[in-house]
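J.: Here's my sequence, what's the structure:
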Amino acid sequence: MSAQDLRGKVALVTGGGGGLGRAICSSLFEAGASVVAGDLRLDLAEEAVRHHSGKGLALRLDVTDEDQAEAAVQSAVNHFGRLDILINNAGVDVTLPVDELSIGEWDRILAVNLRGPFLLARSVFPHMRERGQGQIVNIISTAAKRAWPNASAYHASKWGLLGLSHALHAEGRSQGIKVTAVISGGMRTPFLLDRFPDIDVETLQDPKNVAETVRFVLTQPEETVIPEIMVLPMRETSWP
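T.: Predicted coordinates for the structure are as follows:
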């Protein structure tokens with residue numbers, strides 16, 4: 001396999017219809033992979049694979065639902081005959097002080113950002129174990145390395161996901177399963193721009209750059225695994 005070659009591989013990308021999710025799908029298609037885009041909005045998932053007939057599959061996927069998580073993995077296997085890569089990308093946030101954050105909002109953020117990756121990893125592990133190989137990439141955030149006000153649930157979920165990712169790495173390694181945490185700084189995606197319209201976009205990075213980092217992780221030699229990697233915008237001022 002060449003440095004940027006994923007031909008013959010099949011990937012499932014959660015949140016595949018969003019800004020980073022769509023960029024990841026595009027990068028994987030360019031590398032020759034077949035891609036299953038799962039998203040809560042089926043129309044966005046369909047748009048992510050629209051121009052890749054035969055190599056793309058769109059699914060409506062609520063990552064918090066155990067049955068849907070298992071069905072998404074099985075659909076990928078049934079459609080393409082295998083599943084080599086899982087990208088846990090789906091994520092949500094609510095910007096509120098802790099005393100204004102409802103219990104329902106807390107539960108939803110933890111469910112999407114932490115329960116979802118667990119459910120998908122739990123579902124895909126047996127398929128990867130059986131074949132003795134596979135890769136899981138968990139899209140995390142600098143919110144797993146530092147904290148700021150009005151994001152308590154988001155921080156809790158992302159710190160938790162970083163811990164889960166390293167636990168999966170430790171568990172999967174002996175079975176040929178590679179697990180990587182990709183920690184991304186701010187990106188020019190609706191996730192930030194829709195909630196913070198006054199943000200200086202010049203301090204953010206193109207989601208394509210993070211997608212290319214995911215692709216880099218996935219194309220390492222068989223004997224090498226990257227447990228954690230961080231990708232920051234050059235002008236993000238909150239880092240030293």
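J.: For residue 234, I want the exact helix or strand it lies within.
T.: Following DSSP states H and E, one finds residue 234 outside all helices and strands.
J.: Oops, could you answer that again for residue 163 instead?
T.: For residue 163, the host element (DSSP H and E) is helix 152-172.
J.: Over to residue 123?
T.: When elements are assigned from DSSP H and E, residue 123 belongs to helix 116-131.
J.: cool, and residue 67?
T.: According to DSSP H and E, residue 67 maps onto helix 66-80.
J.: which other helices and strands contact the helix or strand just after that helix?
T.: Per DSSP H and E, the first helix or strand lying C-terminal to helix 66-80 is strand 85-88. Where contact means 3 or more Cβ pairs under 8 Å, 6 or more residues apart in numbering; DSSP states H and E, strand 85-88 is packed against strand 10-14, helix 19-30, helix 116-131, strand 134-139. C-beta: built from backbone N, CA, C; applies to glycine.
J.: Report the distance from stretch 114-125 to the chain centre.
T.: In terms of Cα atoms, centre = their mean, to the nearest Å, the centre of stretch 114-125 is found 11 Å from the chain centre.
J.: Dump the C-alpha coordinates for that stretch into CSV.
T.: Extracted C-alpha coordinates of stretch 114-125, given in CSV (Å, rounded to 0.1, in the frame of the first residue of the first chain):
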residue,chain,number,x,y,z
LEU,A,114,-19.1,9.5,24.3
ARG,A,115,-21.8,6.8,24.3
GLY,A,116,-21.9,6.9,20.5
PRO,A,117,-18.2,6.1,19.9
PHE,A,118,-18.5,3.3,22.5
LEU,A,119,-21.5,1.7,20.8
LEU,A,120,-19.9,1.9,17.4
ALA,A,121,-16.5,0.5,18.6
ARG,A,122,-18.3,-2.2,20.5
SER,A,123,-20.2,-3.2,17.3
VAL,A,124,-17.2,-3.1,15.0
PHE,A,125,-14.6,-4.8,17.3
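J.: Please point out which parts of that stretch sit buried.
T.: 114, 115, 116, 117, 118, 119, 120, 121, 123, 124, 125 (16 or more other Cβ atoms under 10 Å).
J.: Hmm, residue 24 and residue 87 touching each other?
T.: Yes: if you go by Cβ atoms under 8 Å, residue 87 and residue 24 touch, sitting 5.8 Å apart.
J.: Overlap of the contact sets of these two?
T.: Common contact partners of residue 87 and residue 24 (Cβ atoms under 8 Å, 6 or more residues apart in numbering): 13, 214.
J.: Look up the closest residue to residue 52, ignoring the ones flanking it.
T.: Leaving aside its sequence neighbours, residue 52 sits nearest to residue 29 (Cβ to Cβ, 6 or more residues apart in numbering; 5.2 Å).
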